[in-house]
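Asks: sequence first, then the predicted structure:
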There are 2 protein chains.
Amino acid sequence: MHISLEKFDLPLNGEQISGTLLSPPQLMPGILFVHGWGGSQKHDLVRARQIAALGCIGLTFDLRGHEGTAAQRETVTRGLNLADLLAAYDWLVSRPTVDPSAIGVVGISYGGYLASILTSLRPVKWLALRSPALYEDAHWERPKQELNLDPSLYDYRRRLLDPDSNRALAACADYQGDALLVEAQCDEIIPHQVIANFSGALATARSLTTRVIAGADHGLSDKRFQHDYTQVLVSWFTEMITGMRKHAAKIAVEELAAASASAMRHEEGPQ
Amino acid sequence: MHISLEKFDLPLNGEQISGTLLSPPQLMPGILFVHGWGGSQKHDLVRARQIAALGCIGLTFDLRGHEGTAAQRETVTRGLNLADLLAAYDWLVSRPTVDPSAIGVVGISYGGYLASILTSLRPVKWLALRSPALYEDAHWERPKQELNLDPSLYDYRRRLLDPDSNRALAACADYQGDALLVEAQCDEIIPHQVIANFSGALATARSLTTRVIAGADHGLSDKRFQHDYTQVLVSWFTEMITGMRKHAAKIAVEELAAASASAMRHEEGPQ
């Protein structure tokens, strides 16, 4: 790790003290939140604030076709929304305070589908999916709105799928980071088979944590369901980030111990 | 914890995405290094760099009577050097990146004596003393150089002392933070009784870790002794800082869980 050294003179009653300030890079994990179809970044703000309190930079944003760009709701495609997500990711990673090797993505429903695909295009260390949606790869440039009107979607979401047959599942099968997969027990939109397909595809992730929100519907319409989900998400990020920091401290100590023999050759003896 | 929210528009192919960046305060522990009599901040730089790599801001400095101000060597007093230490502490704590509630001080020999007294004047969370020296309170304004010529010093350092009878020991007896006390096994300057007096005075610290560097002289003249001391210091700071971060994460989660019930009243339902 690069430690910057800054020499300075500290004035003291007309005299001065010579000092040296040593500073490590001030990098924090960056966590990106992707809302669902028909949602908005407002949905993510409470949880994003809680994750940020763990010592992370959070980023929420509105996918095109929502809020300020609601006029595009009928025309926006998965490709355009994936471009939105990539732009948000690239902007977050370019923040000077963000550690580009410690990026997490939290996606809900359609946002979980997009987040899964993102892992095949950009480095993601932590992937949290709540009730991730699934769509056939075909008709990629068809407006997203029309996908939900396709009568075959109902059957598609009830089939055991080979990860290779779907872009989002294939991305999960290649994913090497830590994954959290949260299911709503009484989800009327995303059937259990979709969750099972994601879970199977994530079998080779560095770690996989699956949880069910008891009694919950897709939208977590009851405050208790929202509370349960928040607890699951914050606990998981606490474990991930604390674990990473402990590991980083351990590595730093080992590296420095190995380097200290040479560095000490330049150190004076008796004091 | 205050999380700042910054709204922004991200341009994308002539359109724009609305986003919100959430940032926690970027504060790091600050660690202050106090060299011994006849030493300089150069002695501390290797170890300060290693501690900084744990994610801390380090500060080394030259006490008056050393290096650039060596001309004052015959006249500088404990009071003046304590003023140096206070000025360095206050400067460190005023850095915008330093967490004022997470300050550590590492003092060697005379620097350990001054560091002990500092804890009675400023908040210190972690106190690391290597072969701390001890002087009688009397003649506070006498030049430091002359204290070592006092024939009674030899006996004073071989007496079991009541902490109330000595300013440095009294400060240790009131100290509420974590303490590390490192003894050089074959110290020809600081006898074991001095270490025992410090250890006894630190009995009510939040935690006390005492270690002996086997075979070492006062100045750690052998590279192996320096290596052993560095290992002890870095291991201790790793435990302290990792422990603090884990605790902070736990508190943040608990606070947020308690606050989430009210915050969620403002959250939308189905997504």
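Replies: Arrived safely, thanks for sending.
Asks: make sure A:Ile189 is actually in contact with A:Ser131.
Replies: Yes - the criterion here is CB atoms under 8 Å, and A:Ile189 meets it with A:Ser131 at 7.2 Å. C-beta coordinates here come from the backbone N, C-alpha and C atoms, glycine included.
Asks: which residues do those two both contact?
Replies: With CB atoms under 8 Å, 6 or more residues apart in numbering or on different chains applied, the overlap between the contact sets of A:Ile189 and A:Ser131 consists of A:109, A:218.
Asks: quick one: which of these two has more around it?
Replies: Set A:Ile189 next to A:Ser131 and count neighbours by other CB atoms under 10 Å in any protein chain shown: A:Ser131 wins out with 29 against 18.
Asks: ok, the more buried one to A:Arg211 distance?
Replies: Distance, A:Ser131 to A:Arg211, by CB to CB, to the nearest Å: 12 Å.
Asks: which residues are in contact with each of these two?
Replies: A:182-183.
Asks: what about stretch A:103-114, near chain B?
Replies: Yes - using CB under 8 Å from any CB of the partner chain, we find that stretch A:103-114 touches chain B at A:108-109.
Asks: list the contacts of A:Ala184.
Replies: A:Ala184 touches A:130-131, A:190, A:212-213, A:216-218, A:220, A:225, counting by CB under 8 Å, 6+ apart.
Asks: if you set the cut-off to 6 Å instead, what comes out?
Replies: Neighbouring residues of A:Ala184 by CB atoms under 6 Å, 6 or more residues apart in numbering or on different chains: A:131, A:213, A:216, A:218.
Asks: what's the closest non-adjacent residue to it?
Replies: A:Ala216 (4.0 Å; CB to CB, 6 or more residues apart in numbering or on different chains).
Asks: pretty sure the one you found sits in a strand.
Replies: No - A:Ala216: not assigned to a strand; according to DSSP: H, G, I helix; E, B strand; the rest coil it is coil.
Asks: ok, it - how many residues close by?
Replies: So A:Ala216, with other CB under 10 Å, has 23 neighbours.
Asks: repeat that for A:Leu10.
Replies: A:Leu10: 17 neighbours (other CB under 10 Å).
Asks: and A:Tyr156, what's its pLDDT?
Replies: On pLDDT, A:Tyr156 comes in at 96.
Asks: for it, phi and psi?
Replies: Torsion angles at A:Tyr156 (phi, psi; degrees, to the nearest 10) stand at phi -60, psi -40.
Asks: for the closest residue in space to it that isn't next to it in sequence, helix, strand, or coil?
Replies: Nearest non-adjacent residue to A:Tyr156, counting by CB to CB, 6+ apart: A:Glu136, 5.8 Å away. For A:Glu136, the secondary structure call by three-state DSSP comes out as coil.
Asks: just the endpoints, please. Distance across stretch A:183-191?
Replies: End-to-end distance for stretch A:183-191: 9 Å, by CA to CA, to the nearest Å.
Asks: residues in contact with the residue most central in space within chain A?
Replies: Central residue of chain A (CA atoms, centre = their mean): A:Val105, 1.6 Å from the mean position. Applying CB under 6 Å, 6+ apart to A:Val105 gives the contacts A:32, A:115, A:124, A:127.
Asks: the first one - that's part of a helix, no?
Replies: No - according to three-state DSSP, A:Leu32 belongs to no helix; its state is strand.
Asks: near chain B, which residues of the stretch 101-250 of chain A?
Replies: Applying CB under 6 Å from any CB of the partner chain, one finds that the stretch 101-250 of chain A approaches chain B through A:108, A:219, A:221, A:223, A:226, A:230, A:234, A:238, A:242, A:245-246, A:249.
Asks: could you give the number of residues near A:Pro25?
Replies: Neighbours of A:Pro25 (other CB under 10 Å): 12.
Asks: what residue ranges in the stretch 101-250 of chain A are flagged as low confidence?
Replies: A:246, A:248-250 (pLDDT under 70).
Asks: still on that earlier bit, and the residues of the stretch 101-250 of chain A next to chain B, which is closest to chain B?
Replies: Using CB to the nearest CB, A:Gly219 comes nearest to chain B of these, at 2.5 Å.
Asks: measure that closest one to A:Ser165 for me?
Replies: Counting by CB to CB, the gap from A:Gly219 to A:Ser165 is 28 Å.
Asks: so between these two, which is more surrounded?
Replies: Neighbours were counted for A:Gly219 and for A:Ser165 using other CB under 10 Å; A:Gly219 has more, 23 against 12.
Asks: please, which helix or strand holds that one?
Replies: Secondary structure from DSSP states H and E places A:Gly219 outside every helix and strand.
Asks: just to revisit the earlier point, so the residue nearest to the centre of chain A versus A:His192, what's the distance?
Replies: 23 Å.
Asks: do a quick rundown of the helices in chain A.
Replies: A:42-52, A:78-93, A:110-118, A:144-147, A:152-156, A:167-174, A:192-201, A:223-263 (DSSP state H).
Asks: can I get those helices in CSV including mean neighbour count and distance to A:Ala70?
Replies: Formatted as CSV, these follow (neighbours: other CB atoms under 10 Å in any protein chain shown; distance: least, CB to CB, whole Å):
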stretch, mean neighbour count, distance to A:Ala70
helix A:42-52, 23, 13
helix A:78-93, 19, 14
helix A:110-118, 26, 15
helix A:144-147, 17, 12
helix A:152-156, 11, 23
helix A:167-174, 22, 25
helix A:192-201, 20, 27
helix A:223-263, 17, 24
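Asks: I'd like those laid out as JSON lines, including distance to B:Leu92.
Replies: Formatted as JSON lines, those follow (distance: least, CB to CB, whole Å):
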{"stretch": "helix A:42-52", "distance to B:Leu92": "26"}
{"stretch": "helix A:78-93", "distance to B:Leu92": "31"}
{"stretch": "helix A:110-118", "distance to B:Leu92": "41"}
{"stretch": "helix A:144-147", "distance to B:Leu92": "54"}
{"stretch": "helix A:152-156", "distance to B:Leu92": "61"}
{"stretch": "helix A:167-174", "distance to B:Leu92": "47"}
{"stretch": "helix A:192-201", "distance to B:Leu92": "49"}
{"stretch": "helix A:223-263", "distance to B:Leu92": "21"}
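Asks: the residue nearest to A:Leu86 when sequence neighbours are not counted: neighbouring residues, count only.
Replies: Of all residues not flanking A:Leu86 in the chain, A:Leu121 sits nearest, at 6.5 Å (CB to CB, 6+ apart). By the criterion of other CB under 10 Å, A:Leu121 has 12 neighbours.
Asks: how near is A:Leu121 to A:Asp174?
Replies: 11 Å.
Asks: and if you look at A:Thr69?
Replies: 31 Å.
Asks: also A:Ile57?
Replies: Separation of A:Ile57 from A:Asp174 (CB to CB) stands at 26 Å.
Asks: repeat that for A:Val34.
Replies: In this view, A:Val34 and A:Asp174 are 19 Å apart by CB to CB.
Asks: cool, A:Trp91 as well?
Replies: Using CB to CB, A:Trp91 is found at 24 Å from A:Asp174.
Asks: could you find the closest non-adjacent residue to A:Val76?
Replies: Per CB to CB, 6+ apart, closest to A:Val76 is A:Gly65, 3.6 Å.
Asks: phi, psi for the one you found please.
Replies: Torsion angles, degrees, to the nearest 10, at A:Gly65: phi 100, psi 0.
Asks: show the pLDDT at it.
Replies: The model's pLDDT for A:Gly65 equals 91.
Asks: dump the residue contacts of it.
Replies: Contact analysis of A:Gly65 by CB under 6 Å, 6+ apart lists A:72-73, A:76.
Asks: ok, A:Ala171 next?
Replies: Contact analysis of A:Ala171 by CB under 6 Å, 6+ apart lists A:116-117, A:119-120.
Asks: alright, calling it a day.
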